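Asker: structure, please.
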Amino acid sequence: MKRLLSATIAVITLLGVSTGCYRSTVGHTATKQAEWWLTNPDGSALFVKQPTALSFASVANAYPTIGVDDKETYQSIDGFGYTLTGGSAMLLQKMDSSARAALLNELFSTQSNGIGVSYMRVSIGASDLDETVFSYDDLPAGQTDSTLANFSLDPDRNYLIPTLKQILTINPNIKILGSPWSPPTWMKSNQNSKGGSLLPAFYGTYAQYFVKYIQGMRAEGIPIDAITIQNEPLHPGNNPSLLMLATEQATFIKNHLGPAFRQAKIDTKILLYDHNADHPDYPLTILNDPDARQYVDGSAFHLYAGPVTALSEVHKAYPDKNIYFTEQWVGAPGNMVNDVNWHVKTLIIGATRNWARTVLEWNLAADPNQNPHTPGGCTQCLGAVTIAGNDVTRNPAYYTVAVASKLVRPGSIRIASNTYDTLPNVAFKTPDGGITLIVLNDSETSQSFNIRYKGQSITSALPRKSIGTFHW
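Answerer: Sure thing, here's the model as predicted:
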């Protein structure tokens, strides 16, 4: 029993939750209390733990009541985080080692001021937020390499791989999603990093490219939990990019990638689509093909177009397949109040209430001029943090993720809670047996409200456009 109690306290402490949250003495009834963190994007309190815990009791008032019911459960949560672009990794590696260590601990640890980022997306080859365009098998014009004899992860060895290794020392259990922006140009119809289609003659070769990538990263001690086939397959105008229609992705998966993973005994998950919610027909087209569906774990979405409810449409059609939210940018220079409000309401609350297991914001870091980026890449992508030498500025996406990542740990399960137009919220049962509730005051005035759980309630208030993260 002593050993069990010690383990429980250790888990609660790891989550940054004081064991004083539960007050009890032998022979007395415990009084349950909720600790909470306030995020007021006006700058007065940016994810700050409040000094006074709230005690559950019988409450009689006319305030709106958010009822939390842990008997009604939904999806498990894999994590919250960002895309670690090559440019983000470059800026991190150019910091002094002590400054970099402090920032990485703040981002990826749950201890002290750590926000506990638990899921990361990386690009397979270059994204548009690398300094240059590259693949892992670049060749002079006119040459091909069908055996991938020239394949090498060397372009990632200066910045990305060292950064991932440092992150894994802080959080060895972090999950990593890999997404390509383009195959090597010699596999493409236009022989160019921008646009074009994957030539059918190289479908098998490209499947082996994914195999080599996953095996190569594993050899570096970096496990890849999942991959998407193509970042934004219906947007061939970025640099790099690729046009890949749903029927093409289905053929690639069922005839090449799925069998290649199976033969190589690779258990990395295969995710579909990785693009906007305005085309749920894209993943559904592939899932409707049983030969492709057998290899697929789920579908990934962005929200630059379409409603977040489209995620539920795909879940409803195939409830045995998972849903992931994998990208949303904040445009520079950013607006702390409006950006945090929209992203928390639409993604942290909205995407998870529509079955997403992850919520990932776009680039982790950029410099004060939103560099680096490729020629033709995004020039206004504001990082979650801005890095200028060793100086760090925390931007809207930092706090959007923080309100969930520290306390909604991987393995948490979304549970039921009723919602109001001006008090959107989402609730989770956490692996330590606790409850975390995220509430947004989506109004222009302060709001008081109750939180009811198992017959007792607490009363709290949030300033306009602010967020409360409650844990008990």
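Asker: could you tell me the end-to-end distance of stretch 297-311?
Answerer: 15 Å (CA to CA, to the nearest Å).
Asker: actually stretch 234-246, sorry about that
Answerer: Across stretch 234-246, first to last residue, CA to CA, it's 9 Å.
Asker: quick one: contacts of that stretch?
Answerer: 125-128, 133, 180-183, 188, 193-198, 229-233, 252, 275-276, 279, 281-283, 285-286, 374-378 (CB atoms under 8 Å, 6 or more residues apart in numbering). C-beta coordinates here come from the backbone N, C-alpha and C atoms, glycine included.
Asker: the same query, at a cut-off of 6 Å, please.
Answerer: By CB atoms under 6 Å, 6 or more residues apart in numbering, the residues outside stretch 234-246 that reach it are 126, 128, 133, 181-182, 193-195, 197, 230, 233, 275, 282, 285-286, 374, 376-377.
Asker: buried residues, it. List them.
Answerer: Within stretch 234-246, the residues scored as buried using 16 or more other CB atoms under 10 Å are L234, H235, P236, N238, N239, P240, S241, L242, L243, M244, A246.
Asker: looking at those, which are in helices?
Answerer: Judged by DSSP state H, those include A246 as members of helices.
Asker: now, among the buried residues of stretch 234-246, which is nearest to A219?
Answerer: P240 (24.9 Å; CB to CB).
Asker: check the residue nearest in space to the middle of the chain and give its pLDDT.
Answerer: Nearest to the mean C-alpha position of the chain, by CA atoms, centre = their mean, lies L360 at 2.6 Å. What the model reports as pLDDT for L360 is 98.
Asker: repeat that for P180.
Answerer: P180 is given a pLDDT of 98.
Asker: re earlier: I'd assumed D78 was in contact with the residue nearest to the centre of the chain.
Answerer: No - using CB atoms under 6 Å as the test, L360 is too far from D78 to be in contact (10.1 Å).
Asker: if we can go back for a sec, tell me the one of the buried residues of stretch 234-246 nearest R394?
Answerer: N238 (27.1 Å).
Asker: for that closest one, give its distance to S123.
Answerer: To S123, N238 is 12 Å away according to CB to CB, to the nearest Å.
Asker: can you give me the strands in the stretch 351-472 of the chain?
Answerer: 356-363, 365-366, 385-388, 391-394, 413-417, 425-429, 435-440, 447-453, 456-462, 467-471 (DSSP state E, counting those that start in this stretch).
Asker: who does the second one pair up with?
Answerer: Strand pairing for strand 365-366, using DSSP bridges, gives strand 385-388 (parallel).
Asker: and the closest residue to K321 other than its chain neighbours, how many residues sit next to it?
Answerer: Distances taken as CB to CB, 6 or more residues apart in numbering put G298 closest to K321, at 4.7 Å, once the chain neighbours are dropped. If you count neighbours by other CB atoms under 10 Å, G298 ends up with 23.
Asker: what do N238 and S123 both touch?
Answerer: Counting by CB under 6 Å, 6+ apart, nothing touches both N238 and S123.
Asker: so A226 touches L272, yeah?
Answerer: No - with contact defined as CB under 6 Å, A226 does not reach L272; the gap is 11.0 Å.
Asker: with neighbour numbers in mind, choose between these two.
Answerer: More crowded of A226 and L272, by other CB under 10 Å: L272, with 30 against 23.
Asker: you'd agree that one is in a helix?
Answerer: No - counting by DSSP: H, G, I helix; E, B strand; the rest coil, L272 is not found in a helix; it is strand.
Asker: test my guess that it contacts L287.
Answerer: No - here L272 does not reach L287: they are 7.3 Å apart, not a contact under CB under 6 Å.
Asker: what touches both of these two?
Answerer: Counting by CB under 6 Å, 6+ apart, nothing touches both L272 and L287.
Asker: about what we covered before: check contacts around the residue nearest to K321.
Answerer: For G298, the contacting residues are L271, K321, N322, I323, by CB under 6 Å, 6+ apart.
Asker: what pLDDT is listed against N105?
Answerer: N105 is given a pLDDT of 98.
Asker: switch to numbering from 48
Answerer: New numbering, starting at 48: the last item is N152.
Asker: can you point me to the longest helix in the protein?
Answerer: helix 250-266.
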